[in-house]
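1. okay, predicted coordinates and the sequence, questions at the end:
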Amino acid sequence: MNTSQICILIAIILYLIAMIYVGVAYSRKSAGSTDDFYLGGRHLSPLVAAMSAEASDMSSWLLMGLPGVAYFTGLADATWTAIGLAVGTYLNWLFVAKRLRLYSAHIGAITVPDFFARRFHDEKKVLLGISAVIIIIFFIPYTASGFAAVGKLFNSLFGVDYMTAMLVGAAVIILYTVMGGFLAVSTTDLIQSIVMTIALIVVLFFGINAAGGWGAVQSTAASIPGYLSLHSVENVVTGSVSNYGFITICSTLAWGLGYFGMPHILLRFMAIEDEKKIKTSRRIATVWVVISMAVAILIGTVGLAVSKAGGIPAFESASAAEAVIVKIADLLSRYGVLAALLAGIVLAGILASTMSTADSQLLAASSSVSENLMRDVFGIKMSQKATMWTARITVVVIAILGVLIARNPNSSVFAIVSFAWAGFGATFAPVMLLSLFWKRTNKWGALSGMIVGGAMVFIWKYLVRPLGGAWNVYELLPAFLLACLAIVIVSLLTPAPDKAVVEEFEHVRELNKKIK
């Protein structure tokens, strides 16, 4: 191991130690109740709420996936995806955050499945059980993708055995999650968003310099047919150009719909300390998301120019191009000890983006098992202390299952994340939106929406989308629309909600109107 690798490793180790320290610091604060463990006692400040929500959302996709797409195919796919996600972020904070915070606090819900059950007065816990199972189904592989990214990062940098690297990364995430719960996860997510931001800025400016200046970046991009167009995609290896039409654009923009159903983001809304401060959180979150995605796309373009200048190797596939930031950081580390430490911070940013998502997913999945399934559905009575220890054990068990799924170093991270995003967007987003804004929605409509949305994700992905042509649409869009339709039709065909359910809805609506 050379000097630059040692410096990089030191920076990453210091970062991991800091994350564990946060878990220890918050372990006592989360010792009181499961409400503290899962929602931090609803005491998230505007800054922590905003940045932890977006850091847990972006994952390694921001520092690896998005630059890789921009590098290999040009601006179209990356830009339309970013636009969809930016709009989805803003609308989620604008329409869902405040009303969900008010509603969940009013009915005493501390998890997303718990909210659905209490919102519709589902005494038989059918909604709660099904939504808890959905969370487990989609979050275990989602968490596995994060563990896989950690393993691949250390394996490619230091030649460390993939499985060993993945286990170490998973152990750190598990440690601060089980010790500190929601406050630890949210605080580390804030720190990780800062590290991710530093990584983006450092790579961008160093990359421009390594490419030979901004003029060289512009001329390289302009020299490739279709690369700068928003209506075509370019394969930088073969030189082929494909049309990026209206249907494809709509399909890509549909990524934004997923936000309304992401449990780990919705939990942040439920945990905000003061609904009057949500406007501040919305502004912070939206500005950070827009700027960070724009920089990430720009890094992909800069990385291509660095490759043309001979600074880093040219990538032969889209998946390989996802390592563009890693390669630029490696180039940076060759310029002395301080540069190597800075490169270590950049790579810690990639690690941070992965960890910030994995910890949130572990917490959401564990709450589904310990709170919703074991206590509420199966009726297993436990004390507060026993329930919280069960939650911590559940985190470990779910993490182990994630490790088992990710044990293959060739597992496809992007495919798993894309499918899980569609799963949550189709099963939870329609139900969440209509339960917050349409008082005629009843539990049968909500149940049918979950089932139709979940089923259509599988049907469209494996049976319809392979037909190609106009059918080649991201499964989230058709599944989301059909789920909304199912909720409306079934709700209208079945008895209206009870008077108590309607009165709760109207009470929350009035509270929402009073808070500007």
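-> Sure, I can see it.
2. please make it C-alpha for all contacts and neighbour counts, starting now.
-> OK.
3. give me the longest helix you can find in this protein.
-> For the chain, the helix with the greatest residue count under DSSP state H is helix 162-211.
4. quick one: name whatever helix or strand follows that helix.
-> helix 214-222 (DSSP states H and E).
5. that next one vs helix 162-211, what angle?
-> Angle, helix 214-222 to helix 162-211, by axes from the mean of the first three to the mean of the last three Cα atoms, to 10 degrees: 110 degrees.
6. show me what helix 214-222 is packed against.
-> The helices and strands touching helix 214-222, judged by 3 or more Cα pairs under 8 Å, 6 or more residues apart in numbering; DSSP states H and E, are helix 162-211, helix 278-308.
7. now the shortest one: buried residues?
-> Right, the one you point to is helix 278-308. Within helix 278-308, the residues that count as buried by 16 or more other Cα atoms under 10 Å are 278-279, 281-286, 288-290, 292-308.
8. so which helix or strand takes in the residue nearest to residue 49 when sequence neighbours are not counted?
-> In space, and not counting its chain neighbours, residue 49 is closest to residue 268: 5.8 Å by Cα to Cα, 6 or more residues apart in numbering. Assigned by DSSP H and E, residue 268 falls within helix 263-271.
9. that helix versus helix 162-211: what angle between them?
-> Interaxial angle, helix 263-271 versus helix 162-211 (the same axes, to 10 degrees): 80 degrees.
10. show me what helix 263-271 is packed up against.
-> helix 34-39, helix 46-60, helix 98-107, helix 112-119, helix 337-367.
11. the second one - what's its average pLDDT?
-> Helix 46-60 shows a mean pLDDT of 74 in the predicted model.
12. elements contacting whatever helix or strand comes next after that helix?
-> Counting by DSSP H and E, the next helix or strand C-terminal to helix 46-60 is helix 66-73. Helices and strands touching helix 66-73, by 3+ Cα pairs under 8 Å, 6+ apart, are helix 75-91, strand 232-234, helix 278-308, helix 318-321, helix 324-332.
13. any idea which of these gets closest to residue 205?
-> Nearest of the helices and strands packed on helix 66-73 to residue 205, taken as Cα to Cα: helix 278-308 at 9.1 Å.
14. now the closest one: how far from the chain's centre is it?
-> 15 Å (Cα atoms, centre = their mean, to the nearest Å).
15. run the angle between it and helix 324-332 for me.
-> Going by the same axes, to 10 degrees, helix 278-308 makes 60 degrees with helix 324-332.
16. the stretch 351-500 of the chain: helices as residue ranges?
-> 384-405, 413-427, 429-437, 443-459, 476-493, 499-514 (DSSP state H, counting those that start in this stretch).
17. can I get the CA coordinates of the shortest one in CSV?
-> This file holds the C-alpha atoms of helix 429-437, laid out as CSV (Å, rounded to 0.1, in the frame of the first residue of the first chain):
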residue,chain,number,x,y,z
ALA,A,429,-47.4,7.1,-3.1
PRO,A,430,-51.0,6.9,-4.5
VAL,A,431,-52.4,5.9,-1.1
MET,A,432,-50.4,8.6,0.7
LEU,A,433,-51.6,11.4,-1.6
LEU,A,434,-55.2,10.4,-1.7
SER,A,435,-55.4,9.7,2.1
LEU,A,436,-54.1,13.2,2.8
PHE,A,437,-56.2,15.1,0.2
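18. now do the buried residues in that helix.
-> Of all the residues in helix 429-437, those buried under the rule 16+ other Cα under 10 Å are 429-436.
19. ditto for the longest one
-> The neighbour-count criterion (16+ other Cα under 10 Å) identifies 387-392, 394-396, 398-400, 402-403, 405 as the buried residues of helix 384-405.
20. so who does residue 89 touch?
-> Each residue near residue 89 by Cα atoms under 8 Å, 6 or more residues apart in numbering is listed here: 256, 259, 285-286, 289.
21. just name the closest of these to residue 330, please.
-> Here the nearest of the contacts of residue 89 to residue 330, counting by Cα to Cα, is residue 289; it sits at 25.8 Å.
22. which non-adjacent residue is nearest that closest one?
-> residue 86 (6.4 Å).
23. that neighbour: how many residues sit nearby?
-> 23 (other Cα atoms under 10 Å).
24. what residues does stretch 216-223 touch?
-> With Cα under 8 Å, 6+ apart as the test, stretch 216-223 has contacts from 208, 211, 227-228, 301-302, 304-305, 308.
25. if you set the cut-off to 10 Å instead, what comes out?
-> Applying Cα atoms under 10 Å, 6 or more residues apart in numbering, the external contacts of stretch 216-223 come out as 71, 74-75, 207-211, 214, 227-229, 298, 301-306, 308-309.
26. gap between that stretch and the chain center?
-> Put simply, stretch 216-223 sits 32 Å off its chain's centre (Cα atoms, centre = their mean).
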